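# Need the 3D shape of this:
(chains A and B)
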Amino acid sequence: MRSLTLESASFWYPATEAPALREVSLEVAQGEVVALVGALGAGASTLLLVAADLAPRVTGGRLTGSVARGDRSGIVLPTPWTQASGMAFTVWDEVAFGPANLGWPTHEIARQVDRALEQLELVPLASRDPATLSGGELQRVIIASILAMDPGLVLFDEPAAELDAEAARALWRLIRLQAKEGKAVLLATSALDALPDVADRVVWLEDGAVRAIGTPELLADVAACDAGLGTSVASVWWASGLPGPYPLTVAHALQRWR
Amino acid sequence: MTGGRLHPFTLLAIAGALPALAWILPAPAGGAWTATVALVLTLTPGASPGLTSTGSSPGWRPGLVVLRTAVLTAAPFWLFLLLLHDVPTTIAIGLRITTMVASFVWLVAALQPARLVEAMVAAGWSASVAYLLAATLSAVPVLKARARRIVEAQRCRGLSPGGGIAARLRALRALALPLVLSALHEVDERALALETRGLVPGIRRTPLAPPPDPAVEQAARWALLLACLFALFRRFV
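Numbering: from 1, shown residues only, chains lettered A, B, ... in the order given. Here you go, the predicted model:
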């Protein structure tokens, strides 16, 4: 079942003439993780804002084409410090801010908050003042805050930007878990090496338009490596002038060498 | 009882009643009385002018710092009044303005925005309106913290906020422009962020931990209102 469908969607920010998105058509199904990759300014963040119904409703601007959402969406923005409510005494309160705004009964709020805190391994921080958290901790709190609202479509914009390697690995596992639970996940990231294990499909955006859609194998293509969008292994292979097709991961490279 | 422990509505009622009484009661005695009360309130434990986060961290500081903030904010008004009026008028209006300034500084220091939101939502207000009011009250310390960060950043670039008048004016320009622009930018960011956290019109927020509102505080609020009305009646009738 489709959770998000964009058909020829184009979007212009206010007071701009060039569209930030150009004729983008994309479907994201429940249980699927779709990753958006591209250079800075390619339109990945804008696509997430459109998918979240924040653009143009909140940002202003103009949207053409159609966007259909089958589920309520939740988006994790790339700047966790702006997404914090600023109205919470503890991490638990911060995570509960969203569910409380949805008007849920108290017991349901508590259940979702406790679950999200466990998923993000934040239980030991539950009584901490959010203002005292590190960037990585706050990032995890915001992710928990969005997941606690139980969105059917989860949108992540550079969710690992503030995380250390171990926390990032835990996040990728959590994203796969979300898909396994039936949620649709749309993810914009520059952590390309994680995508072979995380994403079902990869969408390559260029100048606001979809250049290619495929499996994560797309990140081992010559064209992707030319554009700086290959995985580390593929990029090394490409840079050293070895013949294609390039291996996507270390495991693929080992198979090739043996 | 300290300001930080009172129900948010009681804090608002006190901060509203004092300036009202300052203008209603005959000068200068009325203004002197209300200004004294307001300045003493700034000394109550729990008041903090240094709220550095957006409201979640109390960051208590000694009441003396709050008192100093109130006095320093009110002082320029006295100077201007003295330039424009005679001494009795200056004292009459100055005490009233001091009451207003001290009441507001105390309110900002003592009122925790999160408690205000919870109290308003529990009283049936829309969460958006409650958040807007709480965010407005916490804007002063937030802007102060932001200004401090900008000054530090400008220092890193070699701009000194000290020195002669010309140097200070240059530093002021380098502070004011980024401060205003970043504040405007943050309005957009906050609007976007709050939407992502479900703060949208039309849904009644579930109060999580509404602050207790004892009957004695409710009675005190009514008493303050009646006192203002009585004083107004006595003044004009």
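# contacts and neighbour counts: CA atoms only from here.
Fine.
# Tell me the residues on chain B that lie near chain A, please.
B:53-57, B:113-114, B:117, B:127, B:188-200, B:203-208 (C-alpha under 8 Å from any C-alpha of the partner chain).
# Now which of those would you call buried?
The neighbour count (16 or more other C-alpha atoms under 10 Å in any protein chain shown) marks B:53-57, B:113-114, B:117, B:127, B:189, B:191-200, B:203-208 as buried among the residues of chain B next to chain A.
# Filter those residues down to just the ones in helices.
B:113-114, B:117, B:127, B:189, B:191-196 (DSSP state H).
# how about these in a markdown table, adding pLDDT?
Listed next are these as a markdown table, based on pLDDT from 0 to 100:
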| residue | pLDDT |
| --- | --- |
| B:113 | 87 |
| B:114 | 86 |
| B:117 | 90 |
| B:127 | 89 |
| B:189 | 82 |
| B:191 | 84 |
| B:192 | 86 |
| B:193 | 87 |
| B:194 | 88 |
| B:195 | 89 |
| B:196 | 92 |
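# and of those residues, the nearest to residue A:162?
Nearest to residue A:162 out of these is residue B:193 (C-alpha to C-alpha; 17.5 Å).
# Who are the contact partners of the closest one?
For residue B:193, the residues meeting the contact criterion (C-alpha atoms under 8 Å, 6 or more residues apart in numbering or on different chains) are A:77, A:82-84.
# Now cross-check those against chain B and list the overlap.
By C-alpha under 8 Å from any C-alpha, the members of the contacts of residue B:193 lying near chain B are A:77, A:82-84.
# Quickly run through the sheet partners of the longest strand anywhere in chain A, with directions.
What stands out as the longest strand in chain A, according to DSSP state E, is strand A:2-12. Using DSSP bridges, the strands paired with strand A:2-12 in its sheet are strand A:21-29 (antiparallel), strand A:62-69 (antiparallel).
# what's the most buried one of those strands?
strand A:21-29 (a mean of 19; mean count of other C-alpha atoms under 10 Å in any protein chain shown).
# next structured bit after it?
strand A:33-38 (DSSP states H and E).
# got the residues of chain A near chain B?
Within chain A, the positions near chain B by C-alpha under 8 Å from any C-alpha are A:54, A:58-59, A:74-77, A:82-90, A:97-106, A:129-131, A:145-146.
# For PyMOL, what selects the buried ones among those residues?
Buried residues among the residues of chain A next to chain B (16+ other C-alpha under 10 Å), as a PyMOL selection:
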select buried, chain A and resi 54+59+74+75+76+77+82+83+84+85+86+87+88+89+90+97+98+99+100+101+102+104+129+130+131+145+146
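# Strands - which of the residues of chain A next to chain B land there?
Reading strands off the residues of chain A next to chain B with DSSP E, I get A:74-76.
# As a check, name the ranges of all helices in chain B.
Ranges of helices within chain B are B:8-24, B:29-41, B:63-84, B:87-110, B:113-122, B:127-137, B:139-156, B:165-196, B:215-236, based on DSSP H.
# Same list (the ones you listed) but as TSV, adding distance to residue A:238.
Listed next are the helices of chain B as TSV, based on distance: least, C-alpha to C-alpha, whole Å:
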stretch	distance to residue A:238
helix B:8-24	64
helix B:29-41	70
helix B:63-84	63
helix B:87-110	60
helix B:113-122	54
helix B:127-137	52
helix B:139-156	42
helix B:165-196	40
helix B:215-236	73
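# Nearest to residue A:249, out of those?
Across the helices of chain B, residue A:249 has its closest neighbour in helix B:165-196 (34.8 Å, C-alpha to C-alpha).
# Next, the contact list for residue 23, please.
In the absence of a named chain, chain A is used. So residue A:23 contacts A:7-10, A:65, A:209 (C-alpha under 8 Å, 6+ apart).
# that's the wrong chain, I wanted chain B
B:30-31, B:96.
# what's the pLDDT at residue B:46?
Predicted confidence (pLDDT) for residue B:46: 64.
# make that residue B:115, sorry
The confidence metric pLDDT takes the value 91 at residue B:115.
# My read is that it contacts residue B:213, right?
No - counting by C-alpha atoms under 8 Å, residue B:115 stays clear of residue B:213, with 11.5 Å between them.
# more crowded one of those two?
Shown here are residue B:115 and residue B:213; by other C-alpha atoms under 10 Å in any protein chain shown, residue B:115 has more neighbours (24 against 14).
# ok, the contacts of residue A:23 vs residue A:178, which is closest?
Taking C-alpha to C-alpha as the measure, residue A:178 lies nearest residue A:7 of those, at 25.1 Å.
# Please parse the chain into its domains.
Picking chain A for this. A:2-216, A:217-258 (automatic domain parsing).
# wait, chain B
B:3-115+B:212-236, B:121-196.
# Confidence-wise, which of those is weakest overall?
Across the domains of chain B, the lowest-scoring stretch is domain B:121-196, with a mean of 83.
# now that one, how far from the centre of its chain.
Counting by C-alpha atoms, centre = their mean, to the nearest Å, domain B:121-196 is centred 15 Å from the centre of its parent chain.
# same deal with stretch A:209-217?
Centroid separation for stretch A:209-217 versus its chain: 16 Å, with C-alpha atoms, centre = their mean.
# Over to stretch A:40-47?
On C-alpha atoms, centre = their mean, the centre of stretch A:40-47 falls 12 Å from that of its chain.
# Stretch B:216-236 too?
22 Å.
# can you list the residues that contact that stretch?
Contacts for stretch B:216-236 (C-alpha under 8 Å, 6+ apart): B:6-7, B:10, B:13-14, B:17, B:20-21, B:24-26.
# Of those residues, which pair is most distant in space?
So, these by C-alpha to C-alpha: farthest apart are B:7 and B:26, at 30.0 Å.
# So which of these two has more stuff around it?
Neighbours per residue, other C-alpha under 10 Å: of residue B:7 and residue B:26, the larger number sits with residue B:7, 22 against 14.
# Quick check: phi and psi on that one?
Note on residue B:7: its backbone torsions stand at phi -60, psi 140 [degrees, to the nearest 10].
# surely it meets residue B:215?
No - no contact is recorded between residue B:7 and residue B:215 when judged using C-alpha under 8 Å, the distance being 10.9 Å.
# surely residue B:119 meets residue B:206?
No - the criterion here is C-alpha under 8 Å, and residue B:119 misses it with residue B:206 at 11.3 Å.
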